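Asker: Just to be clear, the model below is a prediction. Sequence and coordinates:
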Amino acid sequence: MSQPPRHRFRTFVLLPGAVLAVAATSLGGFSVATAAPSDTTGLNFLAPFYSEADLTGDDAVDENDIDLLMTALGTSTTDATWSTVETADFDANGTITVTDVASLSQRTLYDDGPFSPVEATTIDVQKAMNAGVVTAVSLTQMYLDRIAAYDDQGETLNSIISVNENALQIAAELDAERAAGGPRSMLHGIPVLAKDNYNTVDMPTTAGCTCLRNNQTDADSQIVEQLRADGAVILAKANLDEFAFNLSTDSSLGGVTNSAYVRTQNAGGSSGGTGASIAANLGIIGLGTDTGGSIRVPSSFNQLVGVRPTVGLASRDGIIPLALSQDTGGPMTRTVSDAAIALDSIAGYDPEDAITAESNGNIPTSFTSSLDDSSLEGVRIGYVPSIVGTNAAVNRLFSEALADLQAQGATVVEMVIPELPIVQGYSSGSTNEFKHDLNEYFAKFVTDPDVPYSSLAEIIAAEDYQAPARTNTMKAREAVTEEQYQAWIVRHNAEIANGERILSGAMDSHNVSAMVYPTTTGQYSTGANNRLSPYSGMPAVTVPMGLSSTAIDGSAIDGAPSNIEFLGRSYAESTLIGLAFDYEQATLHRTSPALFPALAG
């Protein structure tokens, strides 16, 4: 299908303050793993996580502390150097022994008490797995249990279309691999929920349409392939707006998906199934796609971090398309760090998607190297007052967000962009490109004899198509001729290039590192800001900026989330991740939805 997946994110993850090493370690013939609460053959360090028992004064408990303690074996209370190691006398016997070294090593891994999948991050999971507190199998079962409890019955979330029947077997194989040689990457054993327009070899790929309920492809999409190569468990496929048409989520196969926070409101779209399920902790990392706002809108409606990458950073091969001039896949997560970890896995050149050649030389060793909680200090951030909107609750949250950016050391400046309405006024390619791009997808990927269609025209004509409300839209898109498509695509690609010229030029003239604006200018309504990124090809990262309150905001929808979005120059994802991380860490607006708590037991 394409080049073999890379394993770039194998050695380390750089987080604020230190490197989190992922390396099997034994100490002077004493296997530290023998002190861990599991039967493993090596111990993998993820440090620093705790300042308790920090011996080297760097606010971290890591390999340096263990090395120091190893040299102090035998030191006792009568020695002059006792004060430098006494905090590591965990058994309180007055002497540093190998037992103390083992206890210190465990503190570099996990000291959080019983593990809970609710709001767990990739780093939390790796700590727990390396300490033997959980396994990939037990973790996978936890999320399967949550899907069964919250998506299939009771206060149904209705976010999942299909579950991977092989998930536990895959997890078991990953556990065996970890025990034999350590994890492949930070994604080893991490449950991922994919929007159901990503090809997967172990679940049908439906785009939410009853017409594709049996579309079992014989290859993964390139993004899914790369995630699996890094050890991720593709747990389930999430609902979406049918064929990713709208900024809501309603499909003939999956039905309507509502927000995890305000159950009377739609989850946004078209990646609303991913948004609601990740918000409700049915998985750790989600995959969405974004043509006009489909990652960022449901992220805003569900208090998530969403990344729409530069078009060209990640392959679209094996994703059911809507409009390839604008389409891109990206992560939807509960934290910026998880988004960066996922982006490391999915980014890269794919010969099956020619535009990804532009990413060569534009991808850092790791996006996680930008996770610095001082990223905003000394940076200029711009915003355009006219696109903030008029919703009182959103305006309050955005004003507070601007103040928070300034409190972190950023200079916030008003921008004047006379040509901005030109960019916002462009038309989406979803009408003129859909037929052409979908038919190419069918020709390349739809081989299952149980799918009796080979084109959009045949889907429309099929008697079993169960979305009559979409029929007129489908027919209008089928009516676009090849000549109309060819004329459109030349013009629209020029418009996108012009959008990039206008927006990047405005950033240059105002000397700003990024623009910010509310992702959606209303509560559970969108506005036009979502168009800036797709109509320029430039990347955007959206981050929670808080909840509305009827007590504060009057008639606002109580508890409705809103996000702030950072827009940057092409291939400036690292910059945006750093800014978003600093803002996230300073504000910590993300909250877990009350309707989907931890399961009993």
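Answerer: Okay, I see it. Numbering: from 1, shown residues only.
Asker: Can you name the residues in contact with stretch 156-164?
Answerer: Contacts of stretch 156-164 with the rest of the structure, by C-beta atoms under 8 Å, 6 or more residues apart in numbering, involve 144, 147, 150-151, 170, 193, 196, 200, 202-204, 206, 208, 233-239, 253-258, 260, 267, 272-274, 276-277, 280, 282, 596. Any C-beta I mention is one placed from the backbone N, CA and C, and that applies to glycine too.
Asker: repeat that for 7 Å
Answerer: 144, 147, 150-151, 196, 202-204, 206, 234-239, 253-257, 260, 273, 276-277, 280, 282 (C-beta atoms under 7 Å, 6 or more residues apart in numbering).
Asker: Neighbours of the residue nearest to D290 when sequence neighbours are not counted, how many?
Answerer: Leaving aside its sequence neighbours, D290 sits nearest to R308 (C-beta to C-beta, 6 or more residues apart in numbering; 4.4 Å). The local packing of R308 (other C-beta atoms under 10 Å) involves 32 other residues.
Asker: Distance check, R308 against E225.
Answerer: 21 Å (C-beta to C-beta, to the nearest Å).
Asker: Ok, S427 next?
Answerer: From S427 to E225 the distance is 33 Å (C-beta to C-beta).
Asker: And for V516?
Answerer: Counting by C-beta to C-beta, the gap from V516 to E225 is 34 Å.
Asker: Comparing these two, which residue is more hemmed in?
Answerer: Using other C-beta under 10 Å as the criterion, V516 and E225 rank with V516 on top: 26 against 23.
Asker: pretty sure D89 is touching I96, no?
Answerer: Yes. Checked against C-beta atoms under 7 Å, the pair D89 and I96 is within contact range at 6.4 Å.
Asker: Neighbour count: the two, which is higher?
Answerer: Using other C-beta under 10 Å, the more surrounded residue of D89 and I96 is I96, with 26 against 21.
Asker: Now the phi/psi pair for that one, please.
Answerer: phi -80, psi 120 (degrees, to the nearest 10).
Asker: Over to T411?
Answerer: Dihedral angles (degrees, to the nearest 10) for T411: phi -100, psi 120.
Asker: cool, and the one 3 residues further on?
Answerer: E414 adopts backbone torsions of phi -80, psi 140, taken as degrees, to the nearest 10.
Asker: can you count the residues close to the residue nearest to it when sequence neighbours are not counted?
Answerer: Leaving aside its chain neighbours, E414 sits nearest to P385 (6.0 Å; criterion: C-beta to C-beta, 6+ apart). P385: 9 surrounding residues under other C-beta under 10 Å.
Asker: Pull the contacting residues for G189.
Answerer: By C-beta under 7 Å, 6+ apart, the neighbours of G189 are V125, M129, A136, L139, A171, L174, G231, V233.
Asker: And it, which helix or strand is it part of?
Answerer: Using DSSP states H and E, G189 maps to neither a helix nor a strand.
Asker: Just the helices from the stretch 101-250 of the chain, written as ranges.
Answerer: Counting by DSSP state H, counting those that start in this stretch, one finds helices in the stretch 101-250 of the chain at the ranges 122-130, 136-150, 167-181, 222-229.
Asker: Out of these, the one nearest T356 is which?
Answerer: helix 222-229 (8.8 Å; C-beta to C-beta).
Asker: that older thread, give me the phi and psi for the residue nearest to D290.
Answerer: phi -100, psi 110.
Asker: One more: D448?
Answerer: phi -70, psi 120.
Asker: Run a quick neighbour tally on V384.
Answerer: Neighbours of V384 using other C-beta under 10 Å come to 17.
Asker: contacting residues around F581?
Answerer: So F581 contacts V336, S337, L371, D372, D373, S375 (C-beta under 7 Å, 6+ apart).
Asker: and the gap between it and G272?
Answerer: 25 Å.
Asker: Next: A148.
Answerer: With C-beta to C-beta as the criterion, A148 and G272 are 20 Å apart.
Asker: neighbour-wise, which of these two wins?
Answerer: Between A148 and G272, G272 has the larger neighbour count (other C-beta under 10 Å), namely 35 against 14.
Asker: which ones are touching the nearest residue to that one once chain neighbours are set aside?
Answerer: Closest residue to G272 apart from its sequence neighbours, by C-beta to C-beta, 6+ apart: T249 at 2.8 Å. Neighbouring residues of T249 by C-beta under 7 Å, 6+ apart: N239, L240, D241, V256, T257, N266, A267, G268, G269, S270, G272, G273.
Asker: Make a PyMOL selection of the buried ones in the residues you listed.
Answerer: The buried subset of the contacts of T249, as determined by 16 or more other C-beta atoms under 10 Å, is captured in PyMOL by this line:
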select buried, resi 239+240+241+257+266+267+268+269+270+272+273
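Asker: burial measure for the residue nearest to A149 when sequence neighbours are not counted, as a count.
Answerer: Leaving aside its chain neighbours, A149 sits nearest to L599 (5.8 Å; criterion: C-beta to C-beta, 6+ apart). When neighbours are defined as other C-beta under 10 Å, L599 has 14 of them.
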